[in-house]
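[1] Just need the structure, nothing else, for what follows:
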Amino acid sequence: MLIDILTIAILAVICGADGWVGIETYGKAKYDWLKTFLALPQGIPSHDTFGRVFARLDPEQLQQCFLRWVRSISRLTAGEVIAIDGKTVRRSYDQGQGKGAIHMVSAWASQNRLVLGQRKVDEKSNEITAIPELLKVLDLHGCIVTIDAMGTQKTIAEQIVQQGGDYVLALKGNQGNLFEAVQQRFEAAPAQDYQALEPDVDETTETGHGRLETRRCWCLGGVADLIDAEQWTHLTSIAKVESQRTIDGQTSAEVRYYISSLAPDAERLASSIRTHWSVENPLHWVLDVAFQEDDCRIRTDHAPENFTLLRHLALSALNQEKTAKLGIKNKRLRAGWDDDYLLKVLTG
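    You can find the predicted model right below:
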């Protein structure tokens, strides 16, 4: 019975269901087809049954199953950027129970376009405690882990290196002495092309939809003498990224700083940084638009976390299917209409 419930839920979410009623509706519509490979001794479970089961399922056990599936369909190549980033499921709060909306931290494999794992942030904590737990379940060998400033912690950098990966970590004022030291190191160079410090430099320009954006990345090695540098495992290079964006005649600029265990290669660092921020579109934006995640009102016990995993699984499976030149939303529709296409999605 549990296998039936899990299978129907996974298939239904791939095919467009965004809640328990949708899952039940899918099951009833596809009953004859589902009966060819599921037992279904009492027919299709009700939406209340789906909700109760997923509210009680241990998220850790469910994630272990998810991780085994991910490893069976993917192979991370050397240099794969794994972006660690968080997202709040906005409608998952429960005022009656005094529970806030859940915040999930996910690991996104940029080249493979799939979610490698997830971890819910404890309600009275933050991403700093969730990230190490998420990293533990990942194979980081040969990969580059990128994290925003919240995750720029000495212990996290050490863990990434110990697990065989490299890191590119954003710096902000929360890293006081190191942030100021990196900022001053770049400011110490002459304005004309930074010649005194001989940095490696990379520049890219993008245009489209009335937007012109130029990004410049300056990268320096020889950072052992920076304040606190010895406390950061394999700290090898620092980077400054300047973005200048012009939209409809209005220009804005932003400067960001990074530390990394990678060699001082501006092109590689700039690419890793761009890839980290690109997670917003293929993961977070798609979850909001194609899966209506921010409108989901599932709130009971473990159900919000477990349903997030269903969405991650569905998104990853749909991304692995390459024959249909469609967006995720229309892939979901096609999978719901065409059982043969759904089988393609399931088999990658």
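
[2] switch to C-alpha atoms for all contacts and neighbour counts from now on
    Noted.

[3] confidence score at L38?
    pLDDT, L38: 94.

[4] Assign the closest residue in space to it that isn't next to it in sequence to helix, strand or coil.
    Of all residues not flanking L38 in the chain, D4 sits nearest, at 6.1 Å (C-alpha to C-alpha, 6 or more residues apart in numbering). Counting by DSSP: H, G, I helix; E, B strand; the rest coil, the backbone at D4 sits in helix.

[5] Ranking helices and strands of the chain by mean pLDDT, which lands last?
    The weakest-scoring helix or strand in the chain, judged by mean pLDDT, DSSP states H and E, is strand 200-208 (a mean of 82).

[6] and the gap between the residue nearest to the spatial centre of the chain and D288?
    Taking C-alpha atoms, centre = their mean as the criterion, W108 is the residue nearest the geometric centre of the chain, at 3.6 Å. In this view, W108 and D288 are 16 Å apart by C-alpha to C-alpha, to the nearest Å.

[7] before we move on, what about I73?
    Separation of I73 from D288 (C-alpha to C-alpha) stands at 25 Å.

[8] before we move on, back to that, between the helix or strand following the least confident helix or strand of the chain and strand 200-208, how many degrees?
    Past strand 200-208, further along toward the C-terminus, the next helix or strand under DSSP states H and E is strand 211-220. Comparing the axes of strand 211-220 and strand 200-208 via axes from the mean of the first three to the mean of the last three C-alpha atoms, to 10 degrees yields an angle of 170 degrees.

[9] Convert strand 211-220 to CSV, retaining C-alpha atoms only.
    Listed in CSV are the C-alpha atoms of strand 211-220, where the atom choice follows Å, rounded to 0.1, in the frame of the first residue of the first chain:
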residue,chain,number,x,y,z
ARG,A,211,19.3,44.8,-21.0
LEU,A,212,23.0,45.3,-21.3
GLU,A,213,25.2,43.8,-18.6
THR,A,214,29.0,43.8,-18.3
ARG,A,215,30.7,41.7,-15.7
ARG,A,216,34.4,42.0,-14.8
CYS,A,217,36.2,39.6,-12.6
TRP,A,218,39.6,40.3,-11.1
CYS,A,219,41.3,37.4,-9.4
LEU,A,220,44.4,37.4,-7.2
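
[10] Next, the angle from the next helix or strand after it to strand 200-208.
    Downstream of strand 211-220, the next assigned helix or strand under DSSP H and E is strand 237-247. With the same axes, to 10 degrees applied, the angle from strand 237-247 to strand 200-208 works out at 20 degrees.

[11] Does anything pack onto strand 237-247? Which helices or strands?
    For strand 237-247, the contact count by 3 or more C-alpha pairs under 8 Å, 6 or more residues apart in numbering; DSSP states H and E identifies strand 211-220, strand 250-260, helix 266-278 as packing neighbours.

[12] For that strand, the averaged confidence score.
    Mean pLDDT, computed over strand 237-247, is 89.

[13] Next: stretch 287-298.
    Averaged over stretch 287-298, pLDDT sits at 84.

[14] Next: stretch 49-56.
    What stretch 49-56 shows for mean pLDDT is 95.

[15] Mind listing what's buried along that stretch?
    F50, G51, F54, A55 (16 or more other C-alpha atoms under 10 Å).

[16] hang on, the earlier thing: ok, the residue nearest to the centre of the chain touching N281?
    No - judged on C-alpha atoms under 8 Å, W108 makes no contact with N281 at a distance of 11.6 Å.

[17] Could you give the bridge partners of the residue nearest to the centre of the chain?
    Per DSSP bridges, the residues bridged to W108 are A83, V115.

[18] which ones are touching it?
    Shown in contact with W108 (C-alpha atoms under 8 Å, 6 or more residues apart in numbering): I82, A83, I84, L114, V115, L116, G117, V279, L283.

[19] which residues touch the closest residue in space to V81 that isn't next to it in sequence?
    Nearest residue to V81, sequence neighbours excluded (C-alpha to C-alpha, 6+ apart): I144, at 4.8 Å. Contacts of I144 were listed using C-alpha under 8 Å, 6+ apart, and they are G79, E80, V81, I82, G165, D166, Y167, V168, S272.

[20] Give the rounded mean pLDDT of the strand or helix carrying N177.
    If you go by DSSP H and E, N177 is part of helix 176-187. Regarding helix 176-187, the rounded mean pLDDT is 87.

[21] Stretch 307-320 too?
    93.

[22] Pull the distance from that stretch to the chain's centre.
    Centroid displacement of stretch 307-320 relative to its chain, using C-alpha atoms, centre = their mean, to the nearest Å, is 12 Å.

[23] Residues contacting that stretch, please?
    Applying C-alpha under 8 Å, 6+ apart, the external contacts of stretch 307-320 come out as 9-10, 13-14, 54, 63, 66, 112-115, 118, 287, 291, 298, 328, 331-332, 345-346, 348.
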